[in-house]
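> coordinates only, sequence not included:
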């Protein structure tokens, strides 16, 4: 999204691309607004007009962007895949702002904990245990939750892959950090 903002911004405007991070969203504001014939609805479908062709070619060469018109459809698809609210495209006062939201009601569990990734019941049980006892071992988790050791190992690996769980320190003297992307 930031690469898109840099490639598609108007360099005739003296302002900079602005990036603002809030507790519930990321806002990226690009000077110059939309080019003639481009609408937010068309952008969602992959319609694109290159404002800075040389810059777009350089970004493509460095693999910072793929092909023209693929950025927004991919952003919308990824948000949908992660259960996040649809990004908001706002064209105002000659600038273009895109808001990416962190979480939706679909990814909030019964305790109100925000989880931007979808978790099943077993994953939630494991994370809940590790929040209370970060130095817990897989054997302790299995005993406390009545899940098998192989199930614990499987889901802890999945949770690490999702970025929800991270091991700090060594296997013997370490602890678990529960993260929610």
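Okay, I see it. Note that this is a predicted model, so its numbers are computed, not measured.
> As a check, name the ranges of all strands in this structure.
Assigned by DSSP state E, the chain shows strands spanning 18-21, 25-31, 88-92, 95-101, 165-168, 175-178.
> The ones you listed: which one's closest to residue 75?
strand 95-101 (7.4 Å; C-beta to C-beta). C-beta: built from backbone N, CA, C; applies to glycine.
> The strands of the chain: which one's closest to residue 7?
strand 25-31 (9.3 Å).
> still on that earlier bit, turn the strands of the chain into TSV, including mean pLDDT, distance to residue 124 and mean neighbour count.
Listed next are the strands of the chain as TSV, based on pLDDT from 0 to 100; distance: least, C-beta to C-beta, whole Å; neighbours: other C-beta atoms under 10 Å:
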stretch	mean pLDDT	distance to residue 124	mean neighbour count
strand 18-21	92	27	12
strand 25-31	92	24	18
strand 88-92	86	29	13
strand 95-101	91	22	19
strand 165-168	87	12	14
strand 175-178	88	11	17
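> Mind putting those into a markdown table with distance to residue 120?
Shown next, in a markdown table, are the strands of the chain (distance: least, C-beta to C-beta, whole Å):
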| stretch | distance to residue 120 |
| --- | --- |
| strand 18-21 | 29 |
| strand 25-31 | 26 |
| strand 88-92 | 29 |
| strand 95-101 | 23 |
| strand 165-168 | 14 |
| strand 175-178 | 16 |
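> correct me, but residue 117 touches residue 165?
No: Residue 117 is beyond contact range of residue 165, at 11.0 Å (criterion: C-beta atoms under 8 Å).
> about what we covered before: and of the strands of the chain, who's closest to residue 74?
When the strands of the chain are compared by C-beta to C-beta, strand 95-101 sits nearest residue 74, at 12.5 Å.
> Run me through the strand neighbours of the closest one, direction for each.
Strands adjacent to strand 95-101 in the sheet, as given by DSSP bridges, are strand 25-31 (antiparallel), strand 88-92 (antiparallel).
> how about this protein, which residue sits the furthest from its center?
residue 143 (33.9 Å; C-alpha atoms, centre = their mean).
> if I look at it, how far off is residue 129?
10 Å (C-beta to C-beta, to the nearest Å).
> For residue 117, give me the pLDDT.
Per-residue pLDDT puts residue 117 at 72.
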